[in-house]
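Q: build the 3D model from these lines:
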Amino acid sequence: MQAIQAVIEAVYNFLWGDLVRIPLPGGSSLGLSLLVLILVPAGVYFTVRTRFLPFRLFPEMMRVTLENNKQGDSEGHISGVQALIVSTACRVGMGNLVGVVAAISAGGAGAVFWMWIIALLGSSTAFIEATLAQLYKEKDPLYGGYRGGPAYYLHHLFVKEGSGRRRSVMASLFALSGLICWCGISQVTANSISSSFENAFHIPPLWSTVALVALAAVIVLRKHATVKVLDLIVPVMAACYFFITLFIILRNAGQLPAVFSRIFAEAFGLRQAVAGGIGAVIMNGAKRGLFSNEAGSGSAPCAAAAADIDHPAKEGLLQALGVFIDTLVICSCSAMIMLLTPESLTAGLEGMDLLQAAMRYHLGEFGVVFIAVILWLFSFSTFLGILFYARPNVAYLFGDNWLSQTLYKVLALAMLFVGGLAAYQFVWDLGDVGVGLMTIFNMVALFPLAPRALDALRDYEEHHLKR
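A: Purely as a prediction, here's the structure:
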């Protein structure tokens, strides 16, 4: 077991540790991990190739979201907006709360600015991978509707049509990495829920975990319940968190100029460069942005492929908007809650304790209860979303049968139960290794297949864009 843990730790450090260090003024240095070296240049490249899509087509993203998206008549078909809701459920999780708090704690207010920049770049990557997922989707004989994702467009990249090969090595590695990652996230999800309920309501972890697993089992073991439940939970939880934050911002409106001044000043290291900390500011913001919005990891395309929509680029635009929702809205909400709290009240605190202290300052005990409930909703919807992601990948690896689908769900529920009772760093690292490997395998396909997505964008702009 120790040997396996050592291997996992070594792979984790290779993917997320500082692979390159660049000296900066003031004695600081900028540590760049392999994933940052892949995802940030990819975001820049796809932003240029799409002719700055996040800025140019943002009104179109909103219009496509608000229009009456086609939804299949038969059971199993989901609309483009429903696919966006599923991917948002996975993007919006514990990282939007505790992760943002950790980024600000380690990198200061300036980390928020770099989070925003990563989101703007990542939305172009999200467009490419979601459009490809639509272009290479196929019928789903088990659940109805469509399925796809990186495993399927990787298969088309590496397997010649008519060769008779059922799987490719690269596609199988992506699918396996995803299933490992999502099992790890199941454990992390349960632990965050049980901890927050113990802090807020003094409920023993065993009780909250049993209730969580029972509720999750009722939903995920039913054929079409997941999307219906997420349709209800995700808009409500996002709206509640946004409007509570808006209330806090309006109550502290006088502090906003100082907060934004601090964000921009610290982002460019006017203070940190002298102290030798500008590298921490940039990298904490960048890493948090990459972790949170998932652009390039290949997760969201597993939902995007399921959309029954009349043009592939439409789903690309919807998923690009999903990155905005995750980082520029939800993560910014958490940042504002933190930055509008006096630093003296949060000194020495970290993680959930720090966030709950900030909410107690703004809203009293109601704030502590609210953040525990919101974390439950964020984490629970993430669990439901990742099991939706798992469907096409289980099918790719093990074929179209209910046994493999059910066994993976049972495994995820078991991880949910174990995680609610105790936190295992080994499993946390395993989840991070999984998402890192997914990103690498996904990127292998994105660059050579990107011209097809760009062709779809041009076709959409020429024949479907309403100006």
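
Q: which SSE is immediately downstream of the strand or helix carrying F127?
A: For F127, the element it lies in under DSSP states H and E is helix 110-135. Note on helix 110-135: by DSSP H and E, the next helix or strand toward the C-terminus is strand 138-139.

Q: what lines up beside whichever helix or strand comes after that following strand in the sheet?
A: Of the helices and strands lying after strand 138-139 in sequence (DSSP H and E), the nearest is strand 146-147. Using DSSP bridges, strand 146-147 pairs in its sheet with strand 138-139 (antiparallel).

Q: show residues contacting the strand it pairs with.
A: 145-148, 152 (Cβ atoms under 8 Å, 6 or more residues apart in numbering). The way it works is simple: take the backbone N, C-alpha and C, and place the C-beta from them, glycine included.

Q: try it again at 10 Å.
A: By Cβ atoms under 10 Å, 6 or more residues apart in numbering, the surrounding residues in contact with strand 138-139 are 76, 145-148, 152, 155, 305, 392, 395.

Q: phi, psi of R21?
A: phi -120, psi 130 (degrees, to the nearest 10).

Q: mind pulling up the pLDDT for it?
A: If you check R21, the pLDDT there is 75.

Q: and what of the one 10 residues further on?
A: At G31, the predicted lDDT confidence score is 70.

Q: where does the prediction get shaky in the stretch 301-450 of the chain?
A: Low-confidence segments of the stretch 301-450 of the chain (pLDDT under 70): 348-352, 422-428.

Q: taking the centroid of the protein, which residue is nearest it?
A: R91 (2.8 Å; Cα atoms, centre = their mean).

Q: please name the nearest non-neighbouring residue to that residue.
A: Among residues not flanking R91 along the chain, D326 sits closest, at 4.1 Å (Cβ to Cβ, 6 or more residues apart in numbering).

Q: and if you look at K314?
A: That would be V64: by Cβ to Cβ, 6+ apart, it lies 5.3 Å from K314.

Q: what's next to the host helix or strand of that neighbour, contact-wise?
A: In the assignment (DSSP H and E), V64 maps to helix 58-66. Contacting residues not belonging to helix 58-66 are listed as 53-54, 57, 80-81, 84, 123, 127, 309, 311, 313-322, 324-325, 460-461, 464-467 [Cβ under 10 Å, 6+ apart].

Q: that one - what's its average pLDDT?
A: 86.

Q: how about it: buried residues?
A: Buried residues in helix 58-66, counted by 16 or more other Cβ atoms under 10 Å: 60-61, 64-65.

Q: tell me the mean pLDDT for whichever helix or strand comes after that helix?
A: Next along the chain after helix 58-66, taking DSSP H and E as the criterion, comes helix 80-91. Averaging pLDDT along helix 80-91 yields 78.

Q: run the chain-centre distance for helix 80-91.
A: Counting by Cα atoms, centre = their mean, to the nearest Å, helix 80-91 is centred 10 Å from the centre of its parent chain.

Q: could you pull up the contacting residues of the residue nearest to the centre of the chain?
A: 84, 126, 292-295, 299-300, 319, 322-323, 325-327, 330-331, 382, 385.

Q: same question for M170.
A: 150-151, 154-155, 157-159, 441-442, 444-445.

Q: how about 6 Å then?
A: 154, 158, 441 (Cβ atoms under 6 Å, 6 or more residues apart in numbering).

Q: now the strands for the chain?
A: 20-23, 29-32, 138-139, 146-147 (DSSP state E).

Q: which of those sits most buried?
A: Among these, strand 146-147 has the highest mean neighbour count (mean count of other Cβ atoms under 10 Å), at a mean of 24.

Q: now I374. Nearest residue, chain neighbours left out?
A: Nearest to I374 is Y241, by Cβ to Cβ, 6+ apart, at 5.4 Å.

Q: roughly how far apart are the one you found and E294?
A: 18 Å (Cβ to Cβ, to the nearest Å).

Q: can you count the residues close to V234?
A: 25 (other Cβ atoms under 10 Å).

Q: what's the burial count for I233?
A: 18.

Q: got the strands of the chain as TSV, with distance to L437 columns?
A: What follows is the strands of the chain, written out as TSV (distance: least, Cβ to Cβ, whole Å):
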stretch	distance to L437
strand 20-23	20
strand 29-32	18
strand 138-139	24
strand 146-147	21
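
Q: G436: which of the ones you listed is closest?
A: strand 29-32 (14.2 Å; Cβ to Cβ).

Q: pLDDT wise, what is the residue nearest to A453 when sequence neighbours are not counted at?
A: Among residues not flanking A453 along the chain, T131 sits closest, at 4.0 Å (Cβ to Cβ, 6+ apart). On the pLDDT scale, T131 is placed at 95.
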